[in-house]
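K.L.:
Here's my sequence, what's the structure:
(2 chains)
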There are 2 protein chains.
Amino acid sequence: VRAAPAQEDIRRLNLGAVLRHIHVSGAMSRADLTARLGLNRATIGALTVDLADAGLVSEGTPEAAGRGRGRPSLVVRPESERVYVLAIAVGVERVTMARVGLGGVVLDRRETEATREALTPEAAVATIGEFGAALLKAAPKGSTHVGTGVAVAAIVRTDSGTVRFGPNTGWHEQPLAELVAGALAADSGVTGPVLVGNDADLAALAEHTRGVAAGCGNVVYIQGDVGVGGGIIHDGVLMSGADGYGGEIGHMVVLRDGKRCGCGSRGCWETEIGERAILGAAGHPGSGREAVDAVVEAARRGDVGAQEALRQVGDWLGFGIANLVNIFNPEMVVMGGMLRGVYLAAATQVRSRLRTMALASSLEGVKLRTPLLEEDAPLIGAAELGFARLLTDPLEAAAG
Amino acid sequence: VRAAPAQEDIRRLNLGAVLRHIHVSGAMSRADLTARLGLNRATIGALTVDLADAGLVSEGTPEAAGRGRGRPSLVVRPESERVYVLAIAVGVERVTMARVGLGGVVLDRRETEATREALTPEAAVATIGEFGAALLKAAPKGSTHVGTGVAVAAIVRTDSGTVRFGPNTGWHEQPLAELVAGALAADSGVTGPVLVGNDADLAALAEHTRGVAAGCGNVVYIQGDVGVGGGIIHDGVLMSGADGYGGEIGHMVVLRDGKRCGCGSRGCWETEIGERAILGAAGHPGSGREAVDAVVEAARRGDVGAQEALRQVGDWLGFGIANLVNIFNPEMVVMGGMLRGVYLAAATQVRSRLRTMALASSLEGVKLRTPLLEEDAPLIGAAELGFARLLTDPLEAAAG
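P.N.:
Have a look, this model is predicted:
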């Protein structure tokens, strides 16, 4: 239980609240900010002037100035081109990195693919160093780097940014935050903390902040990559658990004595709906996202074997979602990564399982959706992590 | 995103914070409150005087007044005998009701048992009306009722206090808050809102507030009654889900095509660790808590059949806990109700399952515990629900 904030903290809290509104909702008039935040006009005016002086927003007359009574309310715009973070997504077979501007605008984006074996921690960090140097070189003069966030397909100790374990990469105890900070400092002279989170957690955060789940307080996000991860939003807050390892819904056992999983257990949900399960059921010899997409496409064209494989996986997808609906009572379940295509192809099986297994009370309110940010949800979530300090203490963070 | 609180809200927030500290931690000196809340001495003094004037706390010199320098700091005590709530726990076969004083002190407690068939909503509400009248009659003159909370073994729509569905009672769409408020008004003239919550949710809240999980931010509480319920504390907040139905971990399916469950599904965790599963495995013909306790006692005395039954149930208990550890990464898992005895008898099986199924990263930090408040955890949780308004706005609530 905390006491109310002291007088000297109130200005910082209000600056953060104003900047967060502009960051999430985009350009907005002072009048709208006044209404949304429940503060008075003079206070909002003083806050936006401070934010403009710090170079975080610009103020100007609205484009279609009203001919109505009095002066139109100034419009406050995020300085998206000038204020940016470095956002990084490290998948099992891919590294993506971008400069993302205030307001969540992807300004410049790089991507590379590798085999799972070649994407060692050293290789990933080297790529990040190179991409970082290229992105910074291309950044306009006078623009400011305010943070760095990394999304990784692994179990992450969030306070230290250490990868504890990647069931599908084999990474163990890699101090990723430290390694990335070192590479960025060496290759580009960029300083400041690097924050690291689990890719599904950050994808959930991104879809909740500016995607399909905007405005939903309780969300279950399921990320299908090679394995299956999860991000849970509870009452508007990302559920990280005691150490940051929460949300590992892919390692909920759905079949006692089932197939061996990369985590060491058997019958995890991931072994029935992960990439290997889909390709195995379809008899597809390949691997990777393209192979899964090929199965989905074959089913769409009428291939009976592919259709049967997706029905089987869709049934297990619905099975696990039913459990999660009973456990979390979410407003929305979002299926991302390669599970997007699987769900769209097997929605009938998913819904049928939900009807027989989920509690009617929790089922009636839940929406099933696919991500608005598509493949970039983890990357945009990493950007949100990078912006977190700026949005908590705008003037301090903007000053470096 | 909210703005910082306005000046006029700060006093209310601070009064609530001080009273909550006294309610949770008991009598405390002004000096300790000053240190804990990070406010200055004069502010704390003004707040405790306001709370004392409202009759919520009393202030006095410490019993062992120091001979040290200067005046000793006044000790602030909760007015536990004068300020109370009515707390009610409605189980599948039992109604318990108590007057609980500020600070969580059970002042006067009544209980009745019934068969599951006899405990209709009408019968439960009639009992609550009678108990309420008796408790109020016995209350000291000048004492004040500040709220009413009900814990019920059912799925509850928390905003309206409606029981949506009781898988083990057969209750459907019962407006319990309204019915209890009506009975209390008719039988005792008590007014004010009645708040209703799920029994496992409220037991979790109680153990988090003043039980074994005090100080733990992330807790999974498993309540074994006839069925199996759950209460989840995430980052210090009870996870209720979108409509208040969250935490139904007993209806996580652990065995595809398993036994038929009262919820309509098959193979729910409850069908493998609930009362019927335990008694069935042990070949015990009876029902109810006493029957389960008899199995646990028989195992303790060396009965091989009872031991084998508990090993089997303990294995399934560990199975479900492993899933919850992977999903939530809690600091603590608390096993309450009849699962307390089952766990203590079968801890070896539980731990063995956890070792093979839980992710090492999430397992290493988790503690397995039994409730400190024992059978009364749901009742004390109902009391916390009753106190909620007082702790949010002490002066307004104390004024009626």
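K.L.:
quick one: low-confidence ranges for chain A?
P.N.:
A:1, A:64-70, A:400 (pLDDT under 70).
K.L.:
count of neighbours near the closest residue to A:Cys268 other than its chain neighbours?
P.N.:
Closest residue to A:Cys268 apart from its sequence neighbours, by CB to CB, 6 or more residues apart in numbering or on different chains: A:Cys261 at 4.1 Å. (Each C-beta comes from the backbone N, C-alpha and C, glycine too.) When counting by other CB atoms under 10 Å in any protein chain shown, one arrives at 22 neighbours for A:Cys261.
K.L.:
residue contacts, A:Cys261?
P.N.:
By CB atoms under 8 Å, 6 or more residues apart in numbering or on different chains, the contact list for A:Cys261 reads A:167, A:251, A:267-268, A:270-271.
K.L.:
Most neighbours out of the residues you listed, which is it?
P.N.:
A:Cys268 (32 neighbours).
K.L.:
Enumerate every residue touching it.
P.N.:
By CB under 8 Å, 6+ apart, the contact set of A:Cys268 is A:250-254, A:258, A:261.
K.L.:
ok, now with 7 Å
P.N.:
Each residue near A:Cys268 by CB atoms under 7 Å, 6 or more residues apart in numbering or on different chains is listed here: A:250-253, A:261.
K.L.:
Go through the residues you listed and say which is closest to B:Val333.
P.N.:
Using CB to CB, A:Met252 comes nearest to B:Val333 of those, at 15.3 Å.
K.L.:
my guess is that closest one meets A:Gly267, correct?
P.N.:
No. Using CB atoms under 7 Å, A:Met252 makes no contact with A:Gly267, being 9.6 Å away.
K.L.:
returning to what we had before: of the contacts of A:Cys261, which is the nearest to chain B?
P.N.:
A:His251 (4.5 Å; CB to the nearest CB).
K.L.:
residue contacts, that closest one?
P.N.:
A:His251 touches A:261, A:263, A:265, A:268, A:270, B:326, B:359, counting by CB under 7 Å, 6+ apart.
K.L.:
now the closest residue to the second one other than its chain neighbours, what's its secondary structure?
P.N.:
If you skip the residues right next to it in sequence, A:Cys263 has A:Pro167 as its closest partner in space, 4.6 Å away by CB to CB, 6+ apart. Remark: A:Pro167 carries the secondary structure label coil [criterion: DSSP: H, G, I helix; E, B strand; the rest coil].
K.L.:
Around the residue in the stretch 151-300 of chain A positioned nearest to chain B, how many other residues sit close by?
P.N.:
Of all residues in the stretch 151-300 of chain A, A:Gly241 sits closest to chain B, at 2.6 Å by CB to the nearest CB. By other CB under 10 Å, the residues close to A:Gly241 number 27.
K.L.:
So which residues on the stretch 301-400 of chain A come close to chain B?
P.N.:
Contacts of the stretch 301-400 of chain A with chain B, taken as CB under 7 Å from any CB of the partner chain, map to A:319, A:323, A:326-331, A:356-357, A:359, A:361-362, A:365.
K.L.:
now the strands: where do they sit in the stretch 51-200 of chain A?
P.N.:
A:57-60, A:75-78, A:83-90, A:94-101, A:105-113, A:144-152, A:155-157, A:162-165, A:172-174, A:194-198 (DSSP state E, counting those that start in this stretch).
K.L.:
Most tightly packed of the ones you listed?
P.N.:
strand A:83-90 (a mean of 29; mean count of other CB atoms under 10 Å in any protein chain shown).
K.L.:
With only the CA atoms kept, save stretch A:347-367 in PDB.
P.N.:
Provided in PDB are the C-alpha atoms of stretch A:347-367 (Å, rounded to 0.1, in the frame of the first residue of the first chain):
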ATOM      1  CA  ALA A 347     -11.800 -22.000 -37.000                       C
ATOM      2  CA  THR A 348     -14.600 -24.600 -37.100                       C
ATOM      3  CA  GLN A 349     -12.500 -27.100 -35.000                       C
ATOM      4  CA  VAL A 350     -11.400 -24.400 -32.600                       C
ATOM      5  CA  ARG A 351     -14.900 -23.200 -32.000                       C
ATOM      6  CA  SER A 352     -16.300 -26.700 -31.600                       C
ATOM      7  CA  ARG A 353     -13.700 -27.500 -28.900                       C
ATOM      8  CA  LEU A 354     -14.500 -24.200 -27.100                       C
ATOM      9  CA  ARG A 355     -18.200 -25.000 -27.100                       C
ATOM     10  CA  THR A 356     -17.700 -28.400 -25.500                       C
ATOM     11  CA  MET A 357     -14.900 -27.500 -23.100                       C
ATOM     12  CA  ALA A 358     -15.100 -23.900 -22.000                       C
ATOM     13  CA  LEU A 359     -17.400 -22.700 -19.200                       C
ATOM     14  CA  ALA A 360     -20.400 -21.000 -20.800                       C
ATOM     15  CA  SER A 361     -20.000 -18.000 -18.500                       C
ATOM     16  CA  SER A 362     -16.400 -17.300 -19.700                       C
ATOM     17  CA  LEU A 363     -17.100 -18.300 -23.300                       C
ATOM     18  CA  GLU A 364     -19.900 -15.900 -24.000                       C
ATOM     19  CA  GLY A 365     -17.800 -12.800 -23.800                       C
ATOM     20  CA  VAL A 366     -14.600 -13.900 -25.500                       C
ATOM     21  CA  LYS A 367     -13.600 -12.800 -29.000                       C
END
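K.L.:
So which bits of that stretch are buried?
P.N.:
A:349-350, A:353-354, A:357-359, A:361-363, A:365-366 (16 or more other CB atoms under 10 Å in any protein chain shown).
K.L.:
So the residue nearest to A:Cys263 versus B:Val106, what's the distance?
P.N.:
48 Å (CB to CB, to the nearest Å).
K.L.:
one step back: mind checking which of the contacts of A:Cys268 are in strands?
P.N.:
Among the contacts of A:Cys268, no member is found in strands (DSSP state E).
K.L.:
Now tabulate these in a markdown table and tack on distance to B:Ala124.
P.N.:
Converted to a markdown table, those look like this (distance: CB to CB, whole Å):
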| residue | distance to B:Ala124 |
| --- | --- |
| A:Gly250 | 42 |
| A:His251 | 41 |
| A:Met252 | 35 |
| A:Val253 | 37 |
| A:Cys261 | 46 |
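K.L.:
and the stretch 1-150 of chain A, which of its residues are near chain B?
P.N.:
A:1-5, A:10, A:13-14, A:17, A:20-21, A:37-39.
K.L.:
and the residues you listed, which two are the farthest apart?
P.N.:
Going by CB to CB, the pair spanning these furthest: A:Val1 and A:His21, at 27.6 Å.
K.L.:
Looking at those two, which is more packed in?
P.N.:
A:His21 (20 against 15).
K.L.:
Isn't that one up against A:Asp32?
P.N.:
No. Using CB under 7 Å, A:His21 is not in contact with A:Asp32, being 8.6 Å away.
K.L.:
mind listing what A:Ser80 touches?
P.N.:
Contacts for A:Ser80 (CB under 7 Å, 6+ apart) come out as A:101-103, A:105.
K.L.:
hmm, 10 Å instead?
P.N.:
A:22-23, A:26-27, A:57, A:100-105, A:107, A:143 (CB atoms under 10 Å, 6 or more residues apart in numbering or on different chains).
K.L.:
Roughly how far does the nearest residue to it once chain neighbours are set aside sit from A:Leu395?
P.N.:
Spatial nearest neighbour of A:Ser80, excluding adjacent residues (CB to CB, 6+ apart): A:Gly101 at 3.5 Å. Taking CB to CB as the measure, A:Gly101 falls 19 Å from A:Leu395.
K.L.:
which non-adjacent residue is nearest A:Gln223?
P.N.:
Leaving out its chain neighbours, A:Gln223 is closest to A:Ala200 (CB to CB, 6+ apart), at 3.7 Å.
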